[in-house]
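S.K.: Predicted model follows, preceded by the sequence.
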Amino acid sequence: MFKGLPVQLICPTNLSFPYVPVHLSHICFELLKNSLHAVVERYGVNNEDNFPPIKVVVVKGKEDITIKISDEGGGIAKSAIPLIWTYMYTTMENQGIDTNFQASDFKAPMAGFGYGLPLSRLVRSFFRS
C-alpha cells in the first residue's frame, strides 16, 4: 500500500489569524495536491521511500500572513506559466474520462481538469483589500 509523501509544516505554534476555513482549505488542498502529484511523477510511484518532503511554511508579516508550499517536483515549464491561471489548462496528460464505464466502477480523477489553480486564485481574490 502507498504510504504517502512526507509533508513538513514550519509554522509558529502560537500563530492565529482570521480566515474563512473553506476558502483556505480549498486553496491549500489544490496546491498540496499539485505538489504531491508533481513529486510522485518526478520520482516515480515505486520510489516512495526516497520522496523528498513537501514543505509548508507559514509566516506572519507586518500586514499579512504568507503560506508557502514548496516541493521538488520539477516545476512548471516557463512557457506554461501564463497559462496556469487559464480555466481548462492542465499540465497533466491523459486525463480524458473513459465513456465506456460501468457506473459502479467509475473512478473520477482528482486532478487534470484545469480548474484548481484558477478557482484558487479567484477564492484568494476575496481576501485582497
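M.R.: Perfect, I can see it now. Residues are numbered from 1 along each chain as shown.

S.K.: what's the burial count for the nearest residue to residue 17 once chain neighbours are set aside?
M.R.: With C-beta to C-beta, 6 or more residues apart in numbering as the measure, residue 65 is the residue that lies nearest to residue 17, at 5.0 Å, once sequence neighbours are left out. The way it works is simple: take the backbone N, C-alpha and C, and place the C-beta from them, glycine included. Residues contacting residue 65 under the criterion other C-beta atoms under 10 Å number 16.

S.K.: what separates residue 65 from residue 57, distance-wise?
M.R.: According to C-beta to C-beta, to the nearest Å, residue 65 and residue 57 sit 11 Å apart.

S.K.: Residue 9 too?
M.R.: Following C-beta to C-beta, the distance that separates residue 9 from residue 57 is 8 Å.

S.K.: between the two, who's got more neighbours?
M.R.: Using other C-beta under 10 Å as the criterion, residue 9 and residue 57 rank with residue 57 on top: 13 against 10.

S.K.: what kind of secondary structure is that one in?
M.R.: The three-state label for residue 57, taken from DSSP: H, G, I helix; E, B strand; the rest coil, comes out as strand.
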